[in-house]
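# Structure for the following, please:
(chains A, B, C and D)
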Number of protein chains: 4
Amino acid sequence: MQEKQQIAVVGASGYTGADLVRLAVRHPHIEIAALTASSHAGKSLDTVFPHLANLNLPLLCRNDEVDWSTIDVAFCGLPHATSQQVIRELPDHVKVIDISADFRLRDPSLYEATYGSPHSAIELQQQAVYGLTEHYRSEIAVSRLVACPGCYPTAVLTLLLPLVSNGLIDPTDLIIDAKSGLTGAGRGLRQNTLFAESGEGMCAYAVAQHRHAPEIEQELSIAAGQQLTVNFTPHLIPMSRGELVTCYARLTPGNDAADCVRALADRYQDESFVNLSPDGVIPHTQHVRGSNSVSINAYADRIPGRVIMIGALDNLVKGSSGQALQNFNVMFGYDETTGLQQIALFP
Amino acid sequence: MQEKQQIAVVGASGYTGADLVRLAVRHPHIEIAALTASSHAGKSLDTVFPHLANLNLPLLCRNDEVDWSTIDVAFCGLPHATSQQVIRELPDHVKVIDISADFRLRDPSLYEATYGSPHSAIELQQQAVYGLTEHYRSEIAVSRLVACPGCYPTAVLTLLLPLVSNGLIDPTDLIIDAKSGLTGAGRGLRQNTLFAESGEGMCAYAVAQHRHAPEIEQELSIAAGQQLTVNFTPHLIPMSRGELVTCYARLTPGNDAADCVRALADRYQDESFVNLSPDGVIPHTQHVRGSNSVSINAYADRIPGRVIMIGALDNLVKGSSGQALQNFNVMFGYDETTGLQQIALFP
Amino acid sequence: MQEKQQIAVVGASGYTGADLVRLAVRHPHIEIAALTASSHAGKSLDTVFPHLANLNLPLLCRNDEVDWSTIDVAFCGLPHATSQQVIRELPDHVKVIDISADFRLRDPSLYEATYGSPHSAIELQQQAVYGLTEHYRSEIAVSRLVACPGCYPTAVLTLLLPLVSNGLIDPTDLIIDAKSGLTGAGRGLRQNTLFAESGEGMCAYAVAQHRHAPEIEQELSIAAGQQLTVNFTPHLIPMSRGELVTCYARLTPGNDAADCVRALADRYQDESFVNLSPDGVIPHTQHVRGSNSVSINAYADRIPGRVIMIGALDNLVKGSSGQALQNFNVMFGYDETTGLQQIALFP
Amino acid sequence: MQEKQQIAVVGASGYTGADLVRLAVRHPHIEIAALTASSHAGKSLDTVFPHLANLNLPLLCRNDEVDWSTIDVAFCGLPHATSQQVIRELPDHVKVIDISADFRLRDPSLYEATYGSPHSAIELQQQAVYGLTEHYRSEIAVSRLVACPGCYPTAVLTLLLPLVSNGLIDPTDLIIDAKSGLTGAGRGLRQNTLFAESGEGMCAYAVAQHRHAPEIEQELSIAAGQQLTVNFTPHLIPMSRGELVTCYARLTPGNDAADCVRALADRYQDESFVNLSPDGVIPHTQHVRGSNSVSINAYADRIPGRVIMIGALDNLVKGSSGQALQNFNVMFGYDETTGLQQIALFP
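So this is what the prediction gives:
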């Protein structure tokens, strides 16, 4: 009998909650002890997500119905603002892996400016570790509260951090053209995410105003050793899962695109979930769908002295629930790939 | 160290081959010892399927380059006609799980009429067991050669066999309206499977002439104890994976739709991969995508005395490679769900 | 200067309203004098539908703000129940082309049973003509109130009426398997019409309970001279526009599928908008998208003595706004194709 | 009876040919006198494009079967290289509107470098006018040979030319992130344009190597008065029609995004087919699908001193056949919107 951690999935009725359950239910060191979803309390999860039927899961309940004394770790998939209120009430012995945006930004005033209300758990925020696993592994291992990155920041930072850290690219005018499928918009009802409005069409959205930009800037600024502002322009693409980021930068003198490829290869050679796309293959979201992998690469631009960097991931897996479980593995000392070895579903 | 069977995937460059590799690579009792694909011999599989990179797989080779003395079982994903030629040359100790159409039809003249050329391995065909696991489990367990059903027949027979066997529906004028995503058409280049021709549109195809109809009729005829002809009308739907069959039948006197639901529930209560859809949920392909499950149910028609039966599956998993692995588990005495417990990827 | 009718589009903020405006704005005998949409009164239409910008249209207003004395005809795209309340208040000189369901059913008790509340304009309902143009042309020409058929009934009746009328098929157990894109579900916010829930997947819905079934039964019963019940099973398909109906029937003695093809060809030989699909081509929704055409054909079944009939149309054009304009042309004596000659947008 | 020009559509079996026919058939000053498609000579067009049935069109024929003495203008939708060979043989009285790439590049050595073989009609190329209607209208009006721009260049140049010409943006490191639906790839059979390979996924392609880049650079260089190289990175998006370009530039000192918006508004205020997106609406391909319009706008970047410019069009209409007809109208002195007033098909 393998050791199992008792987990609570807080906010199980959204897409990230559902994808977490999908993976956690097959994780050898996890026992799903509680599933919360206030508005559906008392129902079984398959009334909300029929694909999660027949899994012997606990009924959905309210957060205050959970016997927290038995819980080892809480995964929080709540909306921002709500998340911090729930997490600050949890007993100290409960480790927390937050998938919301609430503990990603280190600066409370930036949080308030970005999310529109003051942070109500600033002390906790100081303790939170940014959960980009490949870059904060040792801090995650000893933390109580991990703030999993947004889906876009995961793709962008995986691609850009090594190049900015190594000084290969000029960080002062990075252009990030990002494209996401519709699950990135969540399960809430909005006109622009109806099939009829978003199918067979595409557009940019939240131009220059997306909430993931400050998060990207925070981490790139640390790597660059200077305060940065970046372009970040997301687009809505008619597909369900998948995210692609195409980044454009000026190379620093003496470097070329091949240096960038080499830096990425070196940085991630021992990583299980970050891979350079195979020779001749440009990163494609279909090649990572349903898996915890990021596919990355870099290319020389037509403009001399510039480089194009591309990354693809599944926003609900490596961009959310998969990375949350990867952090769980790190926090509890399991092999980091445990429960995350699903190969991409292609086509 | 767990016991492992050495497998060869013959015809690894098609979608069924790729999906078999995706699942087999994570199967605890499988070692992929050979991958064949004549036209790509010498290359690595990720040149053909980039999502299968970094898996330490053998290079693609020709069938005659495989050291068959080391192989326990061959999974054949070749086109029909080619499949029989390759399989008849395999040494006797190699068990065979054929995903092609070559050994599904028991009557050689029906095979010839359906596939346009005489069968060249009639003796082998006599020995083949039809690989609809839930209905031929004991025969599969002791067979050398299993002929996995077509994707459509898997959905249709799972739904209709119990009802025909129990005499609940009149089998003489069954109407089967079937809908499939584009992977059902394979990876070959054809104008009507281009995105531009098949996206944002739908149509019926092969009306009254699809090759899966004789296979369905063969098995339903056995269940009915009389020679049947059925309507089978497939449609091409703008999605990649997934198959839905909507079947229409007249109830036999004294029975109603609830009897059909009960008969299905009873028949499959101990089965891991066949499930009635949850209360109030009509079978949906999104609820089974990427999984080995079939979701089924039955409903009263507006026309008194008639019943509507619906089934959904993933054509590349339960409709092909997943069922092939399920049969592998049965043939080698492993738990039937081994390596097949992936939950559906929703959304 | 050509003669122009002053029209009011009542309920201009839904998909049918928008598609009506798209076509009406280019109609040589139409002047759009009023556009109503209560919840958007005071705004311009392009705030609701940006593709309708730069067309010099009147602002959206409430129904009671329209100067009805100047209006020749009202097109109503309101929800059912609301539609009848608005229409009964219109002055007598205003002709009415209703795209809602309110005046389609001749029997008030059937209306109440189907739509859940009693009809509040029964007298008007008696005067209404069912607006299936090819079958009620002469009545439409002299009517004040035309009730345009539902999208599904338009496809089904176009296909089946000639065959039932001529006694070629047995009308007592007609099976109608219908498939629709997402615009058929309207612009209202519902979880199952989100892209993430409906893309890359399909399912049946409203099995045996869809509100278009009584409408189909009403018209087929008249043609058959007996009270009929039909199977009608709609499915949601991941595409925006387009509807396909696949119908299954038993032939009456002495007839075959070729007789059905001939009957359809004969019946519609002088019609501009109903066409047999070209030789060797099965009706495809892409071939009619954006146009007012229905593409139809019939095929022999595998089961002797049975026939398969297929029809495709654009649910927002011939299935709704296009047919409404076709009826306008008939009512005002213009050439029936005026303003409706757009060829399908393929791909 | 209106005056009609006799046109030949050369290369009518591709998507651009079909869309040209779709529009030309309803153009009041066009008579389609000949349709050529060598490999389909003798067939009717509806055998290749069933949506073009019932239009009384001439049969497809070979180029040498056309009686050119009766033809006023040839629209050429042939592949590059073939196009020049056909066009140079046409009699002088035939005006030519070429939709291929053959006459777009002014510099023969650039043509050869880009398209891989020397140009075989260099003299003709010197006479060709670049057919971006809004920018070369007066030259087009008096030319015999118009080289219609590529789909991407049409979107990019419409957006960037006014800003580069006015010196509002620094033209030396323009970043152009372009996204196209699958019809942009044509009707040829390629694995990556199969639905199963391109649906529910996205990727960049031809990174830094797309053939439309030199064309964009040629025209922007003229506007800038210096030789430019630009970034141009196209992506394949899972939809059929539609193209979106997101461009990134550094503003020149003293200018901001509002200046760019004003410059675009001023430049195109009298144009029928170029429109700023309505207030609060970001250009969306659904808003222009099937129409000849380009929707454009500009936005302030997060990075001070930078601007984001976005444009959307239908690649088969304004990006190809629609613009070809617009040029026809200019060449023959008709109102420029004649036959091109179709409003976008939304949704």
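# show me where chain A has helices.
Remark: helices assigned in chain A by DSSP state H are A:15-24, A:82-87, A:108-115, A:122-127, A:133-141, A:151-165, A:195-198, A:212-224, A:257-268, A:322-332.
# Out of those helices, which is closest to chain C?
Proximity to chain C (Cβ to the nearest Cβ) singles out helix A:195-198 among those, at 4.1 Å. Placement of C-beta: from N, CA and C, glycine included.
# does chain C sit close to that closest one?
Yes - Helix A:195-198 lies in contact with chain C when judged by Cβ under 8 Å from any Cβ of the partner chain; the contacting residues are A:Phe195, A:Ala196, A:Glu197, A:Ser198.
# among the residues you listed, who's most crowded?
A:Ser198 (29 neighbours; other Cβ atoms under 10 Å in any protein chain shown).
# returning to what we had before: can you lay out the residues of helix A:195-198 next to chain C as CSV showing distance to C:Pro171?
Formatted as CSV, these follow (distance: Cβ to Cβ, whole Å):
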residue, distance to C:Pro171
A:Phe195, 35
A:Ala196, 34
A:Glu197, 39
A:Ser198, 41
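# Could you dump those into CSV with pLDDT and distance to A:Ala8 added?
Listed next are those as CSV, based on pLDDT from 0 to 100; distance: Cβ to Cβ, whole Å:
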residue, pLDDT, distance to A:Ala8
A:Phe195, 98, 33
A:Ala196, 98, 37
A:Glu197, 98, 36
A:Ser198, 97, 33
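# Closest one of those residues to B:Phe328?
For those, the minimum distance to B:Phe328 (Cβ to Cβ) is 38.3 Å, reached by A:Phe195.
# looking at it, the closest one is touching C:Pro238, isn't it?
Yes - using Cβ atoms under 8 Å, A:Phe195 is in contact with C:Pro238, at 6.9 Å.
# okay, and the common contacts of those two?
In the contact map built from Cβ atoms under 8 Å, 6 or more residues apart in numbering or on different chains, the residues linked to both A:Phe195 and C:Pro238 are C:Leu182, C:Ser198, C:Gly199.
# From the residues you listed, list the ones also adjacent to chain B.
With Cβ under 8 Å from any Cβ as the criterion, the subset of those in contact with chain B comprises C:Gly199.
# and A:Arg187, what is it in contact with?
Listed by Cβ under 8 Å, 6+ apart, the contact set of A:Arg187 reads A:Ser13, A:Gly14, A:Tyr15, C:Gln191, C:Leu194, C:Ala196, C:Glu197.
# Go again with 6 Å.
For A:Arg187, the contacting residues are A:Gly14, A:Tyr15, by Cβ atoms under 6 Å, 6 or more residues apart in numbering or on different chains.
# Show me which residues of the stretch 151-300 of chain A are close to chain C?
For the stretch 151-300 of chain A, the residues in contact with chain C under the definition Cβ under 6 Å from any Cβ of the partner chain are A:Leu182, A:Thr183, A:Leu189, A:Thr193, A:Leu194, A:Phe195, A:Ala196, A:Ser198, A:Gly199, A:Glu200, A:Ser240.
# Quickly name whichever of those residues is closest to A:Val48.
Taking Cβ to Cβ as the measure, A:Leu189 is the one of these closest to A:Val48, at 14.4 Å.
# Surely the closest one and C:Leu189 touch.
Yes - contact criterion Cβ atoms under 6 Å: A:Leu189 and C:Leu189 qualify, at 3.9 Å.
# Which stretches in the stretch 201-347 of chain A count as strands?
Taking DSSP state E, counting those that start in this stretch, the strands of the stretch 201-347 of chain A run over residues A:203-204, A:231-236, A:243-250, A:274-276, A:294-300, A:306-313.
# how does chain A divide into domains?
Described in terms of automatic domain parsing, the domain architecture of chain A consists of the residue ranges A:5-127, A:152-315.
# With respect to A:Arg144, which of those domains lies nearest?
Of all the domains of chain A, the one in closest proximity to A:Arg144, counting by Cβ to Cβ, is domain A:5-127 (5.4 Å).
# mean confidence score for that closest one?
When pLDDT is averaged along domain A:5-127, the result is 97.
# Distance from it to the middle of the chain?
How far domain A:5-127 lies from its chain's middle: 15 Å, per Cα atoms, centre = their mean, to the nearest Å.
# and that domain, is it in reach of chain D?
No - interface with chain D: domain A:5-127 contributes nothing (Cβ under 6 Å from any Cβ), its closest point being 12.1 Å away.
# Could you do stretch A:205-214 as well?
Yes - between stretch A:205-214 and chain D, judged by Cβ under 6 Å from any Cβ, the touching residues are A:Val207, A:Ala208.
# measure that stretch end to end?
The straight-line separation of the ends of stretch A:205-214 (Cα to Cα, to the nearest Å) is 16 Å.
# Buried residues, that stretch. List them.
Using 16 or more other Cβ atoms under 10 Å in any protein chain shown as the test for burial, stretch A:205-214 gives A:Tyr205, A:Val207, A:Ala208, A:His210, A:Arg211, A:His212, A:Ala213, A:Pro214.
# re earlier: relative to B:Asp270, which of the helices of chain A is closest?
Closest among these, using Cβ to Cβ: helix A:15-24, at 24.0 Å.
# just the CA coordinates of that closest one, formatted as PDB?
Extracted as PDB, the C-alpha positions of helix A:15-24 are listed here (Å, rounded to 0.1, in the frame of the first residue of the first chain):
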ATOM      1  CA  TYR A  15     -12.400  23.600 -15.600                       C
ATOM      2  CA  THR A  16      -9.200  23.700 -13.600                       C
ATOM      3  CA  GLY A  17     -10.900  21.900 -10.700                       C
ATOM      4  CA  ALA A  18     -12.200  19.200 -13.100                       C
ATOM      5  CA  ASP A  19      -8.800  18.700 -14.800                       C
ATOM      6  CA  LEU A  20      -7.200  18.500 -11.400                       C
ATOM      7  CA  VAL A  21      -9.600  15.800 -10.400                       C
ATOM      8  CA  ARG A  22      -9.000  14.000 -13.700                       C
ATOM      9  CA  LEU A  23      -5.300  13.700 -12.900                       C
ATOM     10  CA  ALA A  24      -5.400  13.400  -9.100                       C
END
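# what about it, near chain B?
Yes - contact check for helix A:15-24 against chain B, using Cβ under 6 Å from any Cβ: residues in range are A:Arg22.
# and the direction of that helix versus that of helix A:322-332, what angle?
Taking axes from the mean of the first three to the mean of the last three Cα atoms, to 10 degrees, one finds helix A:15-24 and helix A:322-332 inclined to each other by 50 degrees.
# Just the strands from the stretch 1-150 of chain A, written as ranges.
With DSSP E, counting those that start in this stretch as the criterion, the stretch 1-150 of chain A has strands spanning A:5-10, A:30-36, A:60-61, A:73-76, A:95-98, A:129-130, A:145-147.
# With respect to B:His93, which of those lies nearest?
Smallest distance to B:His93 across the strands of the stretch 1-150 of chain A (Cβ to Cβ): 41.1 Å, for strand A:30-36.
# Quickly run through the sheet partners of the closest one, with directions.
The pairing partners recorded for strand A:30-36 under DSSP bridges are strand A:5-10 (parallel), strand A:60-61 (parallel).
# ok, how many other residues are close to the closest residue to A:Gln323 other than its chain neighbours?
If you skip the residues right next to it in sequence, A:Gln323 has A:Cys148 as its closest partner in space, 5.6 Å away by Cβ to Cβ, 6 or more residues apart in numbering or on different chains. As a burial measure, A:Cys148 scores 32 neighbours (other Cβ under 10 Å).
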